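K.L.:
Following is a predicted model, sequence given first.
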Amino acid sequence: MNGFGIIKGMIETARNFVGSYHDAQRLTTVQYPEQKLPPVENARTIPFLVFDGDDAMAGLRCTACVICEKECPPQCIYIVKDQVKKPDYVGKMQMQPKVFDIDISVCMSCGICVEVCPFDAIKMDQVFELSTGDRFGKLLLDKHQLAKPNDYFVKIHKTEASEIDVRREEDKRKAEAAAAAKAAAPKSPATPGAAK
Amino acid sequence: MSGLDQIFVWIGHRAAGWFPASVQPLVSAVLAIAGVMAVFGTCFALTTLAERKVLGRMQNRFGPNRVGPYGLLQPLADAVKMLTKEDIVPFSADKTLHFLAPLVLTVPVWLAFAVLPFGRNMSAINLDAGILFFFAVGSASELAVFMAGWSSQNKYSLVGAMRAIAQMISYEVPLVLSVVPVLMLAGSLELNDIVAAQGTYTFGGLARWNVFTPWGLAGLILFLIAATAESNRSPFDLPEGESEIIAGFLTEYSGFKYALFFLGEYLGLFAVTGLAVTLFLGGWHAPFQWLEWVPSWFWFAAKFGALIFLFIWVRATLPRLRLDQLLNFSWRFLVPLSLINLLVAAAWYWTGAWKFPVVAPIRWLLCAALIALPYHWLGRALRGAMPPPRKYIYAE
Ligand code: SF4
Ligand code: SF4
């Protein structure tokens, strides 16, 4: 019969209405500032820069290759390269950013910067309580504000971070082995004629 | 009975009595206006809160619960927010119309309250064509909505306004037609007479409200459906469909003007709800004779509140219609059904002269069948007229 679907629907909403008063199980929402749910692992908000070790600026993985700056769709990353190079985790000398700013009022949380970065240097954060009355001062983050330790990365994105850590350990071991081989063989280049 | 019942009338008379006789009519008019505005202004604030609360509960949420105890001060916070917002007028807008539209919506709606009887001896004016007046001022809202949509110079506003016009014109017809049986059987256009006609009792004190007759029940349902559409409420909120056209004709409004539109829409809802109570639910009469001692304005308020709750309930339940569904529903279903309802009312009138045992249930069932069968057939025809459900090839 026509119209019975509507009545069925209205009975359902009435059940919710009455039920939500005596059955706390139904109310699935949490009261936010007092109660908080832990974010799920894949949650992402704005990017941050990963660093290794204790000194944020020395351990910054970013090599100022500016790929992310070029790829960012709303163009909210601003990088200036430093003149001074620093060694990276395998000991190779790399560029480093002198300025690395992200305007998070413009960032649209797409994660493209993360995908294009060849150095695992930029990752998505899970902070979300970013509201502020100071639009221009507080929403333009510089590299000091963006830098966060690798431990934090491991904490929020466990799966991805541990994969990266394994890969980087491997790289490091190979580099060390190569360096050791290099160190063990300084005699051979000393006699260049002998090899021939 | 008369003490509490007539308390507002008495207060009005006493207050007017302090003034010289020459200005007394003016003073009592102003008092009536102030009373209606205060009561329904408060009602507006409470309904916005109740709506959010009830919607929340029906969706298994808490609803507003931060401002004041249980969120009771939320309307106050909303008002402060609305009034302190920047009033933005688009650069290319037609400034005069843009400014006038909210006023044109709100002012006539207040006028509609003038003829509603809120209790015994409690209507602001006794117009002998009260119901005509009600619909005449009520139809000004179409103009306001189109003014808003046109003057904003914004495509969403214009689309919203076009939808609103199509919808309001289509639903004005069943709205008025569903009222006609009441007028036919009461034999008057004056709302006080219509209330008085429902003021007697049958069967051991059950009231003779129009809603207890087959044509009255059908009329009330038709009227409520059309009233929902007239006041742009869900499931007929196409003119403001947020997910499709931002906010429709309200897109370019902010601050106080937006608040005025909001107020106008709620007041329009209150006015038609008050009319539904008056026409079908016995106005300010008690449902049973032994409840006559309760003040008449209490009964009006109780029925009014119940209907408002029903509107909120429907809003929480039904999804928005598509425009073709909306228009088909009005022209192919509501309009024919309300015309047939006229015949049912006529049948009810004629069979009133029947005199044989157990006439009442037979008469009731006969008239109910007269409306139920067309309801069934028209519903099936309507379903046949709709395009078949779309097949989503890639979404399966
Ligand atoms: S964050 Fe990554 S992509 Fe961006 S400049 Fe640094 S290393 Fe390059
Ligand atoms: S998340 Fe997207 S928008 Fe934000 S900085 Fe990265 S690339 Fe730019």
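P.N.:
Good, I have the coordinates. Ligands and ions are numbered 1, 2, ... in the order given.
K.L.:
any idea how far the residue of chain B found nearest ligand 2 is from B:Ile312?
P.N.:
Residue nearest to ligand 2 within chain B (Cβ to the nearest ligand atom): B:Ile246, separated by 24.3 Å. Every residue, glycine included, has its C-beta placed from N, CA and C. As judged by Cβ to Cβ, to the nearest Å, B:Ile246 and B:Ile312 stand 24 Å apart.
K.L.:
Who has more neighbours out of these two?
P.N.:
B:Ile312 (22 against 17; other Cβ atoms under 10 Å in any protein chain shown).
K.L.:
Downstream of the helix or strand hosting B:Gly3, the next helix or strand is which one?
P.N.:
For B:Gly3, the host element (DSSP states H and E) is helix B:2-5. Downstream of helix B:2-5, the first helix or strand assigned by DSSP H and E is helix B:7-17.
K.L.:
Need the residues that contact that following helix.
P.N.:
B:24, B:27-28, B:31-32, B:35, B:119, B:121-122, B:295, B:297 (Cβ atoms under 8 Å, 6 or more residues apart in numbering or on different chains).
K.L.:
on that earlier part again, what's the closest non-adjacent residue to the residue of chain B closest to ligand 2?
P.N.:
For B:Ile246, ignoring the flanking residues on the chain, the nearest one in space by Cβ to Cβ, 6 or more residues apart in numbering or on different chains is B:Tyr156 at 4.8 Å.
K.L.:
show me the contacts for that neighbour.
P.N.:
B:245-248, B:251.
K.L.:
at 6 Å instead, please
P.N.:
B:245-246, B:251 (Cβ atoms under 6 Å, 6 or more residues apart in numbering or on different chains).
K.L.:
Quick check: it is in a helix.
P.N.:
Yes: B:Tyr156 forms part of a helix when assessed by DSSP: H, G, I helix; E, B strand; the rest coil.
K.L.:
For chain A, which residue gets nearest to chain B?
P.N.:
A:Asn2 (3.3 Å; Cβ to the nearest Cβ).
K.L.:
Quick one: neighbours of that residue, just the number.
P.N.:
For A:Asn2, using other Cβ under 10 Å, the count is 14.
K.L.:
So the residue nearest the centre of chain A, which state does it fall into?
P.N.:
Centroid-nearest residue in chain A: A:Lys123, 1.6 Å away (criterion: Cα atoms, centre = their mean). Three-state assignment for A:Lys123 (three-state DSSP): strand.
K.L.:
B:Phe44 contacts B:Tyr266, doesn't it?
P.N.:
Yes: the pair B:Phe44 / B:Tyr266 is scored as a contact, 4.9 Å apart, by Cβ atoms under 6 Å.
K.L.:
Now do the same contact list for the residue of chain A closest to chain B.
P.N.:
B:Gly379 are the contacts of A:Asn2 under Cβ under 6 Å, 6+ apart.
K.L.:
what about it, which helix or strand?
P.N.:
Going by DSSP H and E, A:Asn2 is not part of any helix or strand.
K.L.:
From the opening residue of stretch B:85-102 to its closing one, how far?
P.N.:
Length of stretch B:85-102, first residue to last, Cα to Cα, to the nearest Å: 16 Å.
K.L.:
Now for B:Val195, how many residues are close by?
P.N.:
24.
K.L.:
Repeat that for A:Lys92.
P.N.:
Other residues close to A:Lys92 by other Cβ under 10 Å number 10.
K.L.:
circling back to that earlier point, of the contacts of helix B:7-17, select the buried ones using a PyMOL command.
P.N.:
Command for PyMOL that selects the buried part of these, burial taken from 16 or more other Cβ atoms under 10 Å in any protein chain shown:
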select buried, chain B and resi 27+28+31+32+35+119+121+122+295+297
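K.L.:
Flag every residue of chain A that's near ligand 2.
P.N.:
A:47, A:72-74, A:76-77, A:102, A:107-113 (Cβ under 6 Å from any ligand atom).
K.L.:
Centroid-nearest residue for chain B?
P.N.:
Most central in chain B (Cα atoms, centre = their mean) works out to B:Val272, at 2.5 Å.
K.L.:
That one and B:Asn210, how far apart?
P.N.:
Counting by Cβ to Cβ, the gap from B:Val272 to B:Asn210 is 16 Å.
K.L.:
same deal with B:Trp18?
P.N.:
41 Å.
K.L.:
Enumerate the residues of chain A near chain B.
P.N.:
Selection of chain A residues close to chain B by Cβ under 6 Å from any Cβ of the partner chain yields A:2, A:9-10, A:13, A:16-17, A:20, A:26-27, A:29.
K.L.:
which of those residues lies closest to B:Asp5?
P.N.:
Using Cβ to Cβ, A:Phe17 is the member of these that lies nearest B:Asp5, at 33.0 Å.
K.L.:
Near that closest one, how many other residues are there?
P.N.:
20.
K.L.:
Confirm it sits in a helix?
P.N.:
Yes: the assignment for A:Phe17 is a helix, going by three-state DSSP.
K.L.:
that older thread, wait, the residue nearest to the centre of chain B sits on B:Ile225?
P.N.:
No: at 11.3 Å, B:Val272 does not count as touching B:Ile225 under the criterion of Cβ under 6 Å.
K.L.:
Test my guess that B:Phe249 contacts B:Gly160.
P.N.:
Yes: with contacts counted by Cβ under 6 Å, B:Phe249 reaches B:Gly160, the gap being 4.2 Å.
K.L.:
Which neighbours do those two have in common?
P.N.:
Common neighbours of B:Phe249 and B:Gly160 (Cβ under 6 Å, 6+ apart) are B:Gly149.
K.L.:
Which of the two has more residues huddled nearby?
P.N.:
Each of B:Phe249 and B:Gly160 has its neighbours counted (other Cβ under 10 Å); B:Phe249 has more, 32 against 29.
K.L.:
top helix in the chain by residue count?
P.N.:
Just so you know, I chose chain A. helix A:158-184 (DSSP state H).
K.L.:
Let me rephrase: I mean chain B.
P.N.:
Longest helix in chain B, counting by DSSP H: helix B:24-58.
K.L.:
Remind me what that helix packs against, helices and strands.
P.N.:
helix A:4-22, helix B:7-17, helix B:74-84, helix B:255-280, helix B:296-317 (3 or more Cβ pairs under 6 Å, 6 or more residues apart in numbering or on different chains; DSSP states H and E).
K.L.:
if you set the cut-off to 10 Å instead, what comes out?
P.N.:
With contacts taken as 3 or more Cβ pairs under 10 Å, 6 or more residues apart in numbering or on different chains; DSSP states H and E, helix B:24-58 sits against helix A:4-22, helix B:7-17, helix B:74-84, helix B:95-112, helix B:255-280, helix B:296-317.
K.L.:
quick one: buried residues of the last one?
P.N.:
Spelled out, that is helix B:296-317. In helix B:296-317, counting by 16+ other Cβ under 10 Å, buried: B:296-297, B:299-305, B:307-308, B:311-317.
K.L.:
State the mean pLDDT of it.
P.N.:
Mean pLDDT, helix B:296-317: 90.
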